[in-house]
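**Student:** Everything below, folded, please.
(2 chains)
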Amino acid sequence: MNLLPIAGPRATWALLWSEIRKLPGLSIIAAIVITGGSAAGLVAPWALGALVDDVSSAGADNSVIVKAVLLIGGAAVLAGLLTALGVMLVARVGETVLARIREKVLDRALQLPAPVLDKVRTGDLLSRVGDDVATVATALTDIGPTLLGAALTIILTAAGLFALDWRLGLAGLLAVPMYLLALRWYLPRSAPFYRQERIAMGERSEAIIASLRGSATVRAYRLEDVQLAKIDATSATARDLSIKVFKIFSFFSSRINHAEFTGLTAILVAGFFLVRGDLVTIGAVTAAALYFHRLFNPIGAVLMLFDEAQTAAAGLARLAGVLEMEQISSPPPGPGPADASIELVGIGHAYDGPLVVDGVSLRLEPGERVALVGASGAGKTTLAALAAGVLTPTAGVVRLGGVDVQALGEDRTRSQVALLSQEVHVFSGTLADDVRLARLDATDDEVAAALERVGALAWVRALPDGLATVVGEEGHQLTGAQSQQLAFARLVLADPPVAVLDEATAEAGSAGARELERASVAATEGRTTLIVAHRLTQAQQADRIVVLDQGRVVESGTHDGLLAAGGRYALLWRSWTGFKPGEPGGRTTPASAST
Amino acid sequence: MVRGVLLLSLHQATEAAVPVTIGIFVDKAVATGDVRPLIWCVVMLFALFAVLSNAWKLGARQVMRAIEWETHELRLEIARRVLDPRGQRTGLRSGELLSIATSDAEKTALVMRAVSIGAAASTALIVSSVSLLLVDVPLGIGVLIGVPLLVLGIQALSPLLTRRTSTQQEAVAQTTALATDLVGGLRTLRGIGAQHNAAARYRQSSQTTLRATLRAVSTAGLQDGVSTALSGLLLAAVAGVSGWFALNGRISIGELIAVVGLAQFIAEPVGTLGYASQVLATARASAGRVAAVLSSSPLVETGTAITVDPLQPLLALEAVSYKTLSNVDLTLRAGESVGVLCYDPRDADALLTVVGGRTSEHTGSVRVGGVPIDELDIDALRNTVLLEQHDTDLFEGTLRSNLLVESPSLERVMTAAGAADLIDELDRPLADRGQVLSGGQRQRLGLARALLAEPPLLVLHDPSTAVDAVTEELLAEGMAEVRSGLTTLVLTSSPALLGKMDRVIVLADGVVVTEGIHAELAESDATYQEAVLR
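**Tutor:** Now for the predicted structure:
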């Protein structure tokens, strides 16, 4: 199992930049407007400083007051307008870029080649498209505007300080190393605790959810006290870590106060001497002190949000990492499949080890129904995946309608052949939308027809909201058999000429299993079908049965023919149905398993 | 907590004093050029920051500690209620309960945060007001009326922002859930070539989220802009009036600076008060949800009888009707093993609910060892009847810890449960509620756990559906051996299991239709044959 790649800072920036560059006009205007908004905020302290000077100088009249009021008021209106507009424009750029990136990432994740997909941890992939996208989105929306505004205010205010007087500017700069030292003290100390805190919170949730999901078992086995002790312990650990990490944060915050004190005192003391030396006016010192005082909040904001910004950056790097992964290469266009036949020629396959499928050649004529039979580990599932073109064989060729699957490429292969795997997934959303994933433009009538064909329409209509019932994780819970029927309905809607079925029906119980077998036959009617038989009744209905053993074809023929031949299939059938040798092989005479 | 609030209030008071101190500094030191006041001013500023910094550090830590402890206690309280052996009647799904036990518990404890920052902000307001009034009464009153009006004006947009933000957050959550759902079903999608359709559906959702986000951000931007413009205009007015007063000599230059600085500062505590009220509202909503869980009544009433009569049948159902069941009679004598075949799975679910003592809404009588089930003490009931459900719940730990009992016969019982292959892996750590195990492994582990518990009456539901035929046969034999002499009730359609039962009861449409020995039923009853043949 490999972890997905994580992009380096350069690649991450390159991705962002390439997306921003796709919105050139908007980006430039947004940058200008938001900078203008911050700059307009500088006018007030400067005007106040000027007012202080004017008021203290002899012979000033009311006009200086009018001037100050007009300046401050005008700048306020301008700053307000530009800020409102700037925030909207910047968000438009940022959020659009993020939306495009998340769409790209999901697209890429969905298109990962099967061999790559089998090697990555599903949990990792899920957290990329889930948690990471959410983290970056939340950070961008919640802290993005604050961070950008604060950063601009800091830069422009520093420039303003220097514009007042370079010596006052230098005095203010004395605070910078202290801020940096505070950050350097804090980040490495807090980071491990934040990590531990997140892990502890995860464990706490795990303990709670395990108890809740398993509450029936907890109750049955009298495990309340054990589970409560577990929740108590994990919750206490998380609590203590949170308190600890906050303690570190409180020291950090203290250090920020020290930096504020240093900067403010430096400006005022420097101002004292500069005024005494007649180098600057009292008003300039006042303006400088007010400038610096109004920096307290934005600098605090940047420092406090530093952590979150780093987390978001890490999330973005993980998203960019997904985009660095291998893509399916599409072969040049060529002729399509001529008919609905499948031909496997000398197929061999190994997953980093011994051959699981070894020298299998098999041809399915259009419309033929062939069942694969064999003990577990005989290579049935692998052969099914190879025939469906989901796996690429290590030896041999798979031809669909006479064309090599390699030359067809993923999309054209998939429109020719569908694979229903053992994994049953009900997609969250309405039941109709779930089925419609197979064909987005299908009408409600077509969806209903597909459900009808697999015998699901009756129970679907009986659901609280019929076709519009919300199913999936948070919705109405379907039984295993119902979920499987949905998969068949999707197959009907996708309507490929060839179907490979490897679905497990054991969970459905006996009555449900027969229901599903009917649905399976209905869904594959008219299609060339290769079916992995998990129950031998599935084999019985096939035109031809192929028996696999250790990756090789050992027998092939019809149900009756193979029973008569008395080979491996006959043996399997007997042990499975419990028939003693010599008894007639009809399904109407079940045997007691106790004999 | 109280000390924490006092310290935070002190911190806010010192924050309010910073602009005043700047004014004094400029007035007394910078403007005069005397070194002595300069030294005094620096000392004053130093002392101010020392108090400011330490007050926050200590106060915030104390409040934080109080909140964390309270949250922890609340969380345990919720867990205790939810895990009550008599069940809970909240009607909430586990996901919702999880969010109540984590997020709502946290938000409820935020009441303390709202109170503490509210108190601190009020202190800051009082200090600022007194300072302003000391400088000039009409000016002070003007600022004190103007600033709250301003903040209220800005917050007029808040409800809209809150609404749009929550819409936006929902949209983000939905898009995220869609992505994980689609990737979770990736193999299913790939099998029918629906990845492009899935990507298209995600794109649609992503664009909807984008629009919701932009709407929310536009409101936020508007609020930012209005707040910037209004506070700037107020500053202009204050600067104008106090500048005019300073020009007329009514106030000093230092007082002018202090007034202007305070006018800027005062918006902060007023805004904080607004924020505190929002936190309080969130906390109230969460507290409501928490209270609903804590005050919910248990699902069933239990009695006080702690002994059952060993001479009476372990389980006796008489004319029981519940959901799909009607008038079901079922008696289990000691040492008997009985199979129940339900043609309709809903009958099986209803029967399990009744037998497990998880409902009080049934009619008819259910007796355990002669005692009506609702008169039995909950622990006495659980000591007598053990129900291992079809979906095996496992917990974090190892395979061994999930078996719950250390017994010398552990290996023998595991072999009997068809789980011999897991004996070597007993100490393997198990994460993620055992989802790493296959369905068959989980099922066999659950059976081993149930057998090891050796309950007088064991109730099993489809214990072998994910197990292959050979293992199922072994498991059926092993189970019969381990449970010999004990009473067992198995709801199943497996011929292997039914064949090992002393008798089989068949339920169709909620009523008992047949009863007999498996082998005989399989010979004579066509419907039965159809249901058990695999």
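
**Student:** ok, the residue in chain A that chain B sits nearest to - contacts?
**Tutor:** Residue nearest to chain B within chain A: residue A:76 (2.1 Å; C-beta to the nearest C-beta). Any C-beta I mention is one placed from the backbone N, CA and C, and that applies to glycine too. Contacts for residue A:76 (C-beta atoms under 8 Å, 6 or more residues apart in numbering or on different chains) come out as A:40, A:44, B:228, B:229, B:230, B:231, B:232, B:233, B:235, B:236.

**Student:** biggest separation within these, which pair?
**Tutor:** Maximum pairwise distance in the contacts of residue A:76, criterion C-beta to C-beta, is 14.3 Å, between A:40 and B:230.

**Student:** If you count surrounding residues, which of those two has more?
**Tutor:** Ranked by neighbour count (other C-beta atoms under 10 Å in any protein chain shown), residue A:40 and residue B:230 place residue A:40 first, with 23 against 20.

**Student:** and chain A, what are its domains?
**Tutor:** Domain assignment for chain A by automatic domain parsing gives A:1-165+A:310-326, A:342-577.

**Student:** Can you lay out those as TSV showing mean pLDDT and distance to residue B:458?
**Tutor:** Formatted as TSV, the domains of chain A follow (pLDDT from 0 to 100; distance: least, C-beta to C-beta, whole Å):
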stretch	mean pLDDT	distance to residue B:458
domain A:1-165+A:310-326	88	36
domain A:342-577	87	20
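
**Student:** would TSV of the ones you listed with distance to residue B:330 be doable?
**Tutor:** Listed next are those as TSV, based on distance: least, C-beta to C-beta, whole Å:
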stretch	distance to residue B:330
domain A:1-165+A:310-326	44
domain A:342-577	21
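
**Student:** Relative to residue B:423, tell me which of those domains wins on proximity.
**Tutor:** Relative to residue B:423, the nearest member of the domains of chain A by C-beta to C-beta is domain A:342-577, separated by 19.6 Å.

**Student:** Show me what residue of the stretch 51-200 of chain B gets nearest to chain A.
**Tutor:** Closest point on the stretch 51-200 of chain B to chain A, by C-beta to the nearest C-beta, is residue B:193, at 2.7 Å.

**Student:** again with chain B
**Tutor:** residue B:232 (2.1 Å).

**Student:** And the average pLDDT for the helix or strand containing that residue is what?
**Tutor:** Using DSSP states H and E, the element containing residue B:232 is helix B:195-247. In this model, helix B:195-247 has an average pLDDT of 91.

**Student:** how about the helix or strand following that helix against chain A, any contact?
**Tutor:** Once the chain leaves helix B:195-247, the next helix or strand it forms, by DSSP H and E, is helix B:253-265. Yes - contact of helix B:253-265 with chain A (C-beta under 8 Å from any C-beta of the partner chain) involves B:253, B:256, B:257, B:260, B:261, B:264.

**Student:** from these, which is closest to residue A:239?
**Tutor:** Comparing the residues of helix B:253-265 next to chain A against residue A:239 with C-beta to C-beta places residue B:264 closest, at 38.3 Å.

**Student:** The helix or strand harbouring residue B:74: how far from the chain's middle?
**Tutor:** Residue B:74 belongs to helix B:35-82 when assigned by DSSP H and E. Its chain's average C-alpha position is 29 Å from that of helix B:35-82, according to C-alpha atoms, centre = their mean, to the nearest Å.

**Student:** by contact count, what packs against the next helix or strand after it?
**Tutor:** Per DSSP H and E, the first helix or strand lying C-terminal to helix B:35-82 is helix B:94-99. Other helices and strands packing on helix B:94-99, by 3 or more C-beta pairs under 8 Å, 6 or more residues apart in numbering or on different chains; DSSP states H and E, are helix A:175-213.

**Student:** Show me what the helix it packs on is packed against.
**Tutor:** Here helix A:175-213 touches helix A:224-276, helix A:282-323, helix B:35-82, helix B:94-99, going by 3+ C-beta pairs under 8 Å, 6+ apart.

**Student:** got a markdown table for these, with distance to residue A:18 and mean neighbour count too?
**Tutor:** Formatted as a markdown table, the helices and strands packed on helix A:175-213 follow (distance: least, C-beta to C-beta, whole Å; neighbours: other C-beta atoms under 10 Å in any protein chain shown):
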| stretch | distance to residue A:18 | mean neighbour count |
| --- | --- | --- |
| helix A:224-276 | 36 | 20 |
| helix A:282-323 | 11 | 21 |
| helix B:35-82 | 43 | 19 |
| helix B:94-99 | 38 | 18 |
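
**Student:** Between the ones you listed, which has the poorest mean confidence score?
**Tutor:** Among the helices and strands packed on helix A:175-213, helix B:94-99 carries the lowest mean pLDDT (a mean of 76).

**Student:** send the alpha carbons of it over as CSV?
**Tutor:** Taking C-alpha atoms only, helix B:94-99 is exported to CSV below (Å, rounded to 0.1, in the frame of the first residue of the first chain):
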residue,chain,number,x,y,z
SER,B,94,-25.4,7.2,15.7
GLY,B,95,-24.0,10.0,13.5
GLU,B,96,-26.3,12.6,15.1
LEU,B,97,-25.5,11.3,18.6
LEU,B,98,-21.8,11.5,17.8
SER,B,99,-22.1,15.1,16.8
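
**Student:** neighbouring contacts of that helix?
**Tutor:** So helix B:94-99 is contacted by A:205, A:208, A:209, A:212, A:213, A:215, A:474, B:78, B:82, B:90, B:293 (C-beta under 8 Å, 6+ apart).
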